[in-house]
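# Can you look at this prediction? I've put the sequence above it.
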Amino acid sequence: MSLLEVNSLKKVYKTRLGGNSVEALKCVDFSVEEGEYVAVMGESGSGKTTLLNILAAIDKPTAGSVLLNGTDFSKIKDSLISTFRRDNLGFVFQDFNLLDTFSLEDNIFLPLVLKGMSYKEMKPKIEPIAERLGITSLLKKYPYEVSGGQKQRAAVARALITEPKIILADEPTGALDSKATDELLNLFGDINKNGQTILMVTHSVKAASHASRVMFIKDGEVFHQLYKGGNTTEEFYQRISETLTLLAGGKSV
Amino acid sequence: MTVFYPRLAFDGIRKNKKMYIPYILTCILSSAMYYILKYLCYSKTIKQIPKTETVISVIAFGCLVIAIFSAIFLFYTNSFLIKSRKKEFGLYNILGMDKTKVGRVLFFETLFVAVISILSGILFGIIFSKLCELILLNLIETDISFNLTVSSKAIFNTATVFTAIFLALYIYSYIGIRISKPLELVKSESFGEKPPRANFVFGILGFVLLGVAYYIAITIKNPIEALTWFFVAVVLVILGTYLVFVAGSVMLCKILQKNKKYYYKKNHFVSVSSMTYRMKRNGAGLASICVLLTMVLVMISSTSCLFFGREDGLRSRYPRDIAVKVNFEKPVLLSDSAVEKLETEVKKVCKENNIDIKKAWNYRDSSVTGLLTEDGKIDIDSSHASVKDFNKLITVHIMPLSDYQKMTGDNTTLREGEAIAYATLKTKLPNKITVGNKTVKIVKRLKNLDVEGSSTTEVVANCFIIVPNVNYLVENISSLLDPLGEIMVVNSWCYGFDTTANEKMQIKATGEIGDVMLDATSELNAFSYSIDCLSSERNDFAGTFGGFFFLGIMLSVLFLVVAVIIIYYKQISEGFEDASRFDIMQKVGMTKKDIKKSINSQMLTVFFLPIIFAVVHLAFAFPLIRKLLLLFGLNNLSLFIFTTCLSALVFTLFYLAVYKLTSNLYFSIVSNNKYPLD
C-alpha cells in the first residue's frame, strides 16, 4: 500500500448561477510511496493548485478519492478534518503564511499548541529542528524582521515539528531569491534523505530537478512522469526542460 | 476636461461607500444637531417665555461643545478614509497625475461630502428643530405653539462653522498627500507592523492616575471641593483611561505571554498574541469610546436625576410654600410687639386670599457666619480664611428660647449661659460654643429642627443655638462690619408656612404680602425683607433642569452615534486585517470552531472593555456627582441610584445591539476572504 493514493480525481467548478462550469481536474491518478520526493509541474491553469487544495483537504473533489495511509479523506467528518490535517500533513506555502503576531518560535509552536501540548513537551522538539534549519538565533525574532529565505525556513520548521506523514509544498521557492532558493532546495533534499515524504507543486524546473520524480499535469490530467533514477540534478534538469518544451508544443511525449 | 476631476472624485466616493456613508451620516448628524441648538438659541418662542435665559445660555454652551467635538471627530474619521484611499491616490500619482492634480480630486471629494452633509444637515435640522423645540418646551413646562419657523441666522451659522471644519480637513489631508512619496502611498496599507512593546512606565502610570482619580472621587467631603476637584478628576480619568488602554493593556498581555504555562495553551495562545496587536492598534480608539460612554452615562444619569428630582430640589431650596424673612440691624429692634405686628399683617393678607396656614414656623434668628475652631470658638474674622477652611465654615443661628418653645412645644428651660444646639451636615459641635467673647454651654442636642436652613442639602453647615437671651451672645458683635461694610450679624424674623391653596392664589398672595411688608418694615426700621414663593420658582427650576436634561439628551445622542461610528470603522478595518490571518490559522490546523471561539473571545474583550470601564468610572464618580447634585439642592439618593443604574443598563443594552450588528459585519468580511481560489 502506498502512503498517498489518488484515484480518478475529478473537480468541476461551477459559477454561482450555474451557467458555466470549468473542469479543473479531469481524471487524476497517481500514488506516492513513503520517502518519495515528488514534484508536480504544470502551467498556470493546469489544475496544480486545485490538486494541492484537495490533497490538503481544504477542497473536496467532485469525484474520485484521496487516501492517506489508507484513510479516505471523504470519510473523515468535517469536524475532525482540521485535526486530521494538523496531525498528518505539513504545509509550506509560497508566501510563507507566517502569522505576523507571533515570533518565529511561536509560529513554529502553533500546531503543537493547537494539539494541546504543554510548553515543557514542546521545548525539546524545536531545538534540533531549528538547529538543522539554521534558525536557532532567529527564534525570538518576528516575521517582519527576517528575510524571505529565513521566513521560509521557519515555515518548514513549522511543517516539520508535527512529524507529518507528508509535506505539501506549494511553490515554496516562488518568493525567494536564487541563493535562498538553493538553500531551501538543499534543505528539502536533506529532510527527504532523512525519510520525509514531500510533495511539491512548482513552476520552477530548478526546484523540480531536486525531486526524485516529476509529474506533469496538463488540462487536468497527469500527462507524463519522469523519474530521476541515476541522473544527476543537472541531467534531470535537462530532461525536465525538454519535456516542458514538448508539452508547450502540444505534442505527445 | 473640467468634469474629469469631479467625476473621478465622485467615483471614489461611490466605490468606497462602505467607508464614506457612515462618515457622511456623522457629518449630517453633527451639522443637523448644531443647527437645532443654534435655532433654539435664536428661537423667539423660547425668548418670549420668562426666565428662559438660563436655558438659552446652557444650550449656547452645548453649541460650542458640538462644534469643537465635531471638528475633532471628523478629523479622526477622515484619517480612516484617507488611509483607505491612499493606495488609489498613489496609483494616480504613478500613472502620471501630479500631486496638485491629486489634490484637485481630493478637493472635489471634500467638496461633495461637505455640500451633501451641510445641506442635508440643515434640512434635517429644520425638520427636527420644531420637534426639539416642542420637547424642550415640554420639559420646561410651558405652553407650546405649533408654527414651524426657519432661522436664517442659524443656517448661516451652521454653514460657516462646518465649511470651516471641512476646509481644515481638506488642507490637512492635502498636506498629508503632498509630503508622502508615491511608493509609500501605494504601500501604505501593508507596512510591516512592529510587535507591540510593553511600556511599563506608561502602563503603570495609567493605573495610578485612575487610582488617584477614584480616590479623589470617593474621599471628597463637601460640594464646593467636589466642584473644584471634579475637573481634576475628569482630566485624570481621561488620561488614565488612554494610558491604560494603550499601554496598560499591552503590558498585561506581555505579562501573560511571559507566563509560559498560561500562554502556551490552545485557548490562550492565539487570543493573547492577537490581543496584544489589537490593543496596540485599537487602544486609542477604545479609550475614546470609553471616555465618550462615560460622558454619556454621567450626563444622562445626572441631568435626568436633576430633572426628575426637581421637586425635591425645589422643596429643599424652599422648605415652605411661602416664606417671609425680615432683617434688622439690631436684635433689640425685633421686639415681641414688632413680631406680632408683622405676623398679623401676613395673616391678614392670607385670610383675604383664602390661604390656609399649615406647618408654620415663626421665630427670630440672629445669624453670623464664621469658622468653627476646635475649641468651639466661632471665628468671624474672615480676613485670613482660605478655601481650605471651607470645611470649618459654619453659619450660627441664635434663636430665642421662647420662640423655640412656642414653635415646638418643647418645655426645656435654660439658665443664662446654657443652650440647646442643633447642627447640620454631621458637624461635630463641642460642648462649649464661643461667639464673640461670650461662651455658652450646650446642655441639650437636638436630632432635628424644622426651620429654614436646616435642610441637609445646604452647602455650608448650619448650627442653631437656642438661648434664653439672644442679646447675651449677640450684643458685643452686632455692630461688626465685614470688609465690604455690610453688617455681619443679621437679625431676622422668619415666618413660613405650607398651604393647600392653588398655585395662582399663592403667587397672588405673595405679591400682596410684599406690598404690605414694604410699609410695615419701613415703619419698624427693618433694612431688608424677602418673600419666597415656591410655586413661582417652580418654572424657573423646571426651565433650568429641563434645559440641562434636554442638552444632556442631545449631547448623549451625538456622543453615542460617534461611539458607534468609531466601532464601525474599527470592525471594518479589523475584519480586513484579520481575514488573511485566520486563513493561515486554518491551514495550520485550527478548526473553524476554534477560530470562531478565539474571535469571539477577542471581540468580546475588545468590545466590552470600554463599557465595563465606563461603568466602573461611573460607579466611582457616583459619590462625587452626588455631592455636585447637592449644590442644586438635590438630595434624593434613591432617585440618583435609580437614574444611574437605569442609564448604565440602557446603554449596555444599546451597546450590545451595536456589537451584534457590527460583529456580523466583521464575520462576513472575515469569512468572505476565506480561501480565495486563485
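That came in fine, so what should we check first? Numbering: from 1, shown residues only, chains lettered A, B, ... in the order given.
# in stretch B:154-168, what counts as buried?
By 16 or more other CB atoms under 10 Å in any protein chain shown, the buried positions in stretch B:154-168 come out as B:154-155, B:157-159, B:161-162, B:165-166. C-beta coordinates here come from the backbone N, C-alpha and C atoms, glycine included.
# so can I have a markdown table of the residues you listed showing pLDDT?
Shown next, in a markdown table, are these (pLDDT from 0 to 100):
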| residue | pLDDT |
| --- | --- |
| B:Ala154 | 89 |
| B:Ile155 | 91 |
| B:Asn157 | 90 |
| B:Thr158 | 91 |
| B:Ala159 | 92 |
| B:Val161 | 92 |
| B:Phe162 | 93 |
| B:Ile165 | 92 |
| B:Phe166 | 93 |
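# Of all pairs in the residues you listed, which one is the farthest apart?
Farthest pair in the buried residues of stretch B:154-168 (CB to CB) is B:Ala154 and B:Phe166. Separation: 18.4 Å.
# What parts of chain B come near chain A?
Neighbours of chain A within chain B, by CB under 8 Å from any CB of the partner chain: B:192-195, B:260-261, B:263-266, B:269-270, B:273-274, B:276-277, B:581, B:583-594, B:675, B:677-678.
# Mind giving me the PyMOL command for buried ones among those?
Remark: buried members of the residues of chain B next to chain A, expressed as a PyMOL selection using 16+ other CB under 10 Å:
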select buried, chain B and resi 195+263+264+265+266+269+270+273+274+276+277+581+583+584+585+586+587+588+589+590+591+592+594
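# Return the residues in contact with B:Phe89.
Counting by CB atoms under 8 Å, 6 or more residues apart in numbering or on different chains, B:Phe89 touches B:102, B:105-106, B:177, B:185.
# Which of the helices or strands spans it?
Following DSSP states H and E, one finds B:Phe89 within helix B:53-94.
# next SSE after that helix?
Moving toward the C-terminus from helix B:53-94, the next helix or strand (DSSP H and E) is helix B:99-139.
# Just want the angle from that following helix to helix B:53-94.
Counting by axes from the mean of the first three to the mean of the last three CA atoms, to 10 degrees, helix B:99-139 lies at 160 degrees to helix B:53-94.
# distance between helix B:99-139 and the chain's centre?
Relative to the mean C-alpha coordinate of its chain, helix B:99-139 is positioned 27 Å out (CA atoms, centre = their mean, to the nearest Å).
# Report the mean confidence score over it.
For helix B:99-139, mean pLDDT is 87.
# tell me which strands and helices that helix is in contact with?
Judged by 3 or more CB pairs under 8 Å, 6 or more residues apart in numbering or on different chains; DSSP states H and E, helix B:99-139 is in contact with helix B:4-15, helix B:17-42, helix B:44-48, helix B:53-94, helix B:152-179, helix B:534-588.
# please redo it, this time with the cut-off set to 6 Å
Applying 3 or more CB pairs under 6 Å, 6 or more residues apart in numbering or on different chains; DSSP states H and E, one finds that helix B:99-139 contacts helix B:4-15, helix B:17-42, helix B:53-94, helix B:152-179, helix B:534-588.
# Check which helices and strands the fourth one sits against.
Here helix B:152-179 is seen to pack against helix B:17-42, helix B:53-94, helix B:99-139 when contacts are counted using 3+ CB pairs under 6 Å, 6+ apart.
# nearest to B:Val443, of these?
Taking CB to CB, helix B:53-94 is the member of those nearest to B:Val443, at 46.4 Å.
# re the thing from before, next, the angle helix B:534-588 makes with the helix holding B:Phe89.
Comparing the axes of helix B:53-94 and helix B:534-588 via the same axes, to 10 degrees yields an angle of 20 degrees.
# Tell me what angle helix B:53-94 forms with helix B:17-42.
Helix B:53-94 runs at 150 degrees relative to helix B:17-42, counting by the same axes, to 10 degrees.
# Centre of the chain to helix B:53-94, how far?
Here helix B:53-94 is found 22 Å from its chain centre; the criterion is CA atoms, centre = their mean.
# Likewise for stretch A:166-177?
Offset of stretch A:166-177 from its chain centre (CA atoms, centre = their mean): 7 Å.
# can you check stretch B:469-486 too?
41 Å.
# list the buried ones in that stretch?
Neighbour counts using 16+ other CB under 10 Å place B:469-470, B:473-475, B:477-478 of stretch B:469-486 among the buried residues.
# dump the residue contacts of A:Phe96.
By CB atoms under 6 Å, 6 or more residues apart in numbering or on different chains, the residues touching A:Phe96 are A:151-152, A:155.
# Generate a PyMOL selection restricted to the buried subset of these.
The PyMOL command for the buried members of the contacts of A:Phe96 (criterion: 16+ other CB under 10 Å) is given here:
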select buried, chain A and resi 151+152+155
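# ok, of the contacts of A:Phe96, which one's closest to B:Cys494?
Nearest to B:Cys494 among those, with distances taken as CB to CB, is A:Lys151, at 86.7 Å.
# How much space separates B:Phe230 from B:Ala217?
Going from B:Phe230 to B:Ala217 by CB to CB, to the nearest Å gives 9 Å.
# if you count what's nearby, which of the two comes out ahead?
Set B:Phe230 next to B:Ala217 and count neighbours by other CB atoms under 10 Å in any protein chain shown: B:Ala217 wins out with 24 against 19.
# Which residue, other than its chain neighbours, is closest to the more buried one?
With sequence-adjacent residues excluded and distances taken as CB to CB, 6 or more residues apart in numbering or on different chains, B:Ala217 is closest to B:Leu624, at 4.2 Å.
# so what pLDDT did the nearest residue to A:Gly42 once chain neighbours are set aside get?
Nearest residue to A:Gly42, sequence neighbours excluded (CB to CB, 6+ apart): A:Ile217, at 3.7 Å. Per-residue pLDDT puts A:Ile217 at 88.
# Check B:Pro331 too.
pLDDT, B:Pro331: 72.
# That one: neighbour count?
B:Pro331 - counted by other CB under 10 Å - has 20 other residues nearby.
# Give me the three-state assignment for the closest residue to chain B within the stretch 101-250 of chain A.
With CB to the nearest CB as the measure, A:Tyr144 is the residue of the stretch 101-250 of chain A nearest to chain B, at 3.7 Å. Following DSSP: H, G, I helix; E, B strand; the rest coil, we place A:Tyr144 in the helix state.
# Around it, how many other residues sit close by?
Neighbour number of A:Tyr144 under other CB under 10 Å is 13.
# Next: B:Leu637.
10.
# now the one 3 residues further on
For B:Phe640, the neighbour count with other CB under 10 Å is 22.
# how does chain B divide into domains?
According to automatic domain parsing, chain B comprises the domains B:1-191, B:207-312+B:550-678, B:321-527.
# What are the boundaries of the strands in the stretch 101-250 of chain A?
Secondary structure of the stretch 101-250 of chain A, counting by DSSP state E, counting those that start in this stretch: strands at A:166-170, A:197-202, A:213-218, A:221-227.
# among those, which is nearest B:Val489?
strand A:166-170 (96.1 Å).
# Can you give the strand pairings for that closest one, parallel or anti for each?
Using DSSP bridges, strand A:166-170 pairs in its sheet with strand A:89-92 (parallel), strand A:197-202 (parallel).
# Compute the mean per-residue pLDDT across it, please.
Here the average pLDDT along strand A:166-170 is 91.
# which other residues reach that strand?
Contacts of strand A:166-170 (CB under 6 Å, 6+ apart): A:52, A:55-56, A:89-94, A:159, A:197-201.
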